[in-house]
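> Mind looking at a prediction? Sequence and model below.
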Amino acid sequence: MTIAAAAPAKDAVAGGVAERPTAVRYRVIALIFLITSINYADRATFSIAGSAASTELGLSSVETGFILSAFAWAYVLAQIPGGLLLDKFGTKRVYAGAILAWSIFTATQGLTGLIAGISAVAMLFALRFLVGLAEAPSFPGNARLVAAWFPGAERGTASAIFNSAQYFSLVAFAPLMGWLVHSYGWRAVFWVMGAIGLVATALFVRYIHSPVRHPKINAAELAHIEAGGGLIRMEDAANRPQAFSWTNLRQLLANRMLLGIYLGQYCINVLTYFFVTWFPIYLVKERGLNIMEAGFAAAAPALCGFVGGLVGGYTSDLLLKRTGSIDIARKVPLVFGMLLATLIIACVFVEAEWLVVTLMAVAFFGKGVASLGWAVMSDVAPKQLAGLTSGVFNMFGNVAGIVTPIVIGFIVGATGSFDWALVFVGAHCLLTIFSFLVIVGPIRRVELAA
């Protein structure tokens with residue numbers, strides 16, 4: 001496959017006077033952060049509403065586990081198609097349509113149990129499955145936007161910002177959703193979050209453009225981004241693949257470095273999916289909190305994960321500037337963070353609620369520090385297959401969303417306790433370290449064979 005050379009950036013000097021670079025890319029990443037926060041909040045709606053909904057609808061723990069996993073079944077299956085759509089039709093159109101669709105499907109979940117003749121389990125599974133389909137292009141889309149808008153030395157921080165939205169979403173939305181359940185019933189969670197998503201769609205359409213088409217960017221910022229390796233013309237038709245190639249896909253799946261990265265992301269996402277599916281239910285059923293208390297308690301680890309994500313991204317970029325080594329910059333924070341994350345297992349041995357929340361907070365701070373997978377994707381994806389490569393990466397990573405809720409559901413159903421579930425989650429922290437240190441090898445951009 002031949003990679004077309006990028007056209008030169010606009011002249012950064014106007015009338016002989018050097019322009020001061022604009023900072024449009026920071027506004028772009030701020031909006032991506034906001035939309036990703038809503039994305040994750042919509043994934044977590046049933047984990048907040050699930051205890052009340054399960055009681056009203058008569059759902060067992062195993063049925064609840066399957067409903068919680070429904071999102072990930074579709075999300076995984078749609079990753080490669082979603083990546084291909086992004087590569088072929090561009091980020092803006094595909095991503096905007098995705099936000100609109102997942103918001104409508106989220107709102108519709110509030111009608112479960114109100115439509116005669118439709119099983120509550122079937123309806124919730126189907127609608128969460130559709131949310132998963134609709135959200136599939138979101139993170140590959142984020143990766144494309146970061147690759148286009150940020151030079152290499154800023155990608156760790158930029159990727160950490162949008163990735164840390166998974167924690168901020170619960171800081172911002174878990175208390176809101178808990179309050180909605182407490183005050184207005186569990187259905188209100190879905191209706192309110194669906195409405196928020198419609199507003200997000202309008203914001204995305206209004207403010208997100210490719211760098212070379214954005215009305216607010218100047219030549220100096222374009223030159224800065226391109227000089228640092230930003231793919232500012234990624235959205236140009238000439239730079240998009242015109243047809244899917246099984247040969248390219250096979251090369252991605254046969255690359256040892258990419259396979260190690262995929263495995264590591266799967267393991268990290270085991271923690272993510274425990275947190276956005278079973279964690280609030282764990283606080284209610286195992287630790288005796290009411291749903292409103294659980295919503296606020298879930299915000300503490302989420303806030304620490306958010307801070308950890310920013311710390312990990314900043315540290316990674318700082319290490320890159322000082323050492324010039326992508327390996328050191330990406331792997332050192334990852335190993336340190338995953339070691340901290342293993343503290344989730346210690347919750348098995350403590351009784352005090354405050355100590356459980358503290359240990360979870362430290363574990364999710366570590367998980368946030370280690371969450372550099374999307375920065376690594378921006379570093380290694382072939383230039384013209386950023387969407388497909390990111391889609392494959394996200395597909396493997398989100399297999400954890402299928403496995404984790406179901407396995408934990410069976411563990412809790414069989415043992416009546418979350419103890420072995422926490423061990424199951426913590427063991428994946430160590431497997432993440434093994435994957436990046438032993439399997440991945442040197443981190444470098446993949447060059448596809450002709």
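Noted; the coordinates are in hand.

> Average pLDDT for the helix ranked longest in the chain, rounded please.
Among the elements of the chain assigned as helix by DSSP state H, the one spanning the most residues is helix 291-323. The average pLDDT for helix 291-323 rounds to 83.

> quick one: it to chain centroid distance?
On the basis of C-alpha atoms, centre = their mean, to the nearest Å, helix 291-323 sits 13 Å off its chain's mean C-alpha point.

> do the same with stretch 192-204
That offset, for stretch 192-204, works out to 18 Å (C-alpha atoms, centre = their mean).

> Any buried residues in that stretch, and which?
192-194, 196-197, 200-201, 204 (16 or more other C-beta atoms under 10 Å). (C-beta placed from N, C-alpha, C; glycine too.)

> Pull the number of nearby residues for the residue nearest to Gly58 when sequence neighbours are not counted.
With sequence-adjacent residues excluded and distances taken as C-beta to C-beta, 6 or more residues apart in numbering, Gly58 is closest to Ala120, at 7.8 Å. Ala120: 19 surrounding residues under other C-beta atoms under 10 Å.

> With Arg27 instead?
15.

> How about Thr55?
For Thr55, using other C-beta under 10 Å, the count is 10.

> helices and strands around the strand or helix carrying it, which ones?
Assigned by DSSP states H and E, Thr55 belongs to helix 45-57. Judged by 3 or more C-beta pairs under 8 Å, 6 or more residues apart in numbering; DSSP states H and E, helix 45-57 is in contact with helix 61-77, helix 120-135, helix 165-184, helix 187-207, helix 279-285, helix 291-323.

> Pull out the buried positions in that helix.
45-54, 57.

> For that helix, output the C-alpha coordinates as CSV.
The C-alpha trace of helix 45-57 is given here as CSV (Å, rounded to 0.1, in the frame of the first residue of the first chain):
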residue,chain,number,x,y,z
THR,A,45,-27.2,4.1,32.7
PHE,A,46,-28.4,0.6,33.4
SER,A,47,-25.7,0.1,36.1
ILE,A,48,-27.1,3.1,38.0
ALA,A,49,-30.8,2.3,37.2
GLY,A,50,-30.3,-1.5,37.3
SER,A,51,-30.9,-2.2,40.9
ALA,A,52,-34.3,-0.4,40.9
ALA,A,53,-35.1,-1.7,37.4
SER,A,54,-34.2,-5.2,38.3
THR,A,55,-36.5,-5.1,41.4
GLU,A,56,-39.4,-3.7,39.5
LEU,A,57,-39.0,-5.9,36.4
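
> mind checking which helix or strand Gly409 is in?
helix 399-415.

> Considering the buried residues of helix 45-57, which is situated nearest to Arg330?
Out of the buried residues of helix 45-57, the one with the shortest distance to Arg330 is Ser47. That distance is 30.1 Å, counting by C-beta to C-beta.

> That closest one contacts Leu68, doesn't it?
Yes: contact criterion C-beta atoms under 8 Å: Ser47 and Leu68 qualify, at 6.7 Å.

> so what's in contact with those two at the same time?
277-278 (C-beta atoms under 8 Å, 6 or more residues apart in numbering).

> hmm, back to that, list the contacts of the residue nearest to Gly58.
57-59, 112-113.

> let's go with 6 Å and repeat that
57, 112-113 (C-beta atoms under 6 Å, 6 or more residues apart in numbering).

> Over to Phe274?
Here Phe274 is in contact with 404, 425 (C-beta under 6 Å, 6+ apart).

> Pro137 too?
82, 86, 94-95, 98.

> Equivalent analysis for Ser378, please.
143, 146-147, 155.

> what kind of secondary structure is Arg445 in?
Here Arg445 is recorded as coil under DSSP: H, G, I helix; E, B strand; the rest coil.

> Surely it and Pro382 touch.
No: if you go by C-beta atoms under 6 Å, Arg445 and Pro382 don't touch, sitting 7.2 Å apart.

> for the host helix or strand of Tyr262, the distance to its chain's centre please.
Per DSSP H and E: Tyr262 is located in helix 256-273. In this view, helix 256-273 has its centroid 12 Å away from the chain centroid, taken as C-alpha atoms, centre = their mean.

> That helix - contacts with which helices or strands?
helix 386-397, helix 399-415, helix 419-434 (3 or more C-beta pairs under 6 Å, 6 or more residues apart in numbering; DSSP states H and E).

> on contacts alone, who are the packing partners of the second one?
Identification of packing neighbours for helix 399-415 by 3+ C-beta pairs under 6 Å, 6+ apart yields helix 61-77, helix 256-273, helix 419-434.

> Run the angle between it and helix 61-77 for me.
170 degrees (axes from the mean of the first three to the mean of the last three C-alpha atoms, to 10 degrees).

> which outside residues touch helix 399-415?
So helix 399-415 is in contact with 61-62, 65, 68-69, 72-73, 76, 266, 269-270, 273-274, 277-278, 420-421, going by C-beta under 6 Å, 6+ apart.
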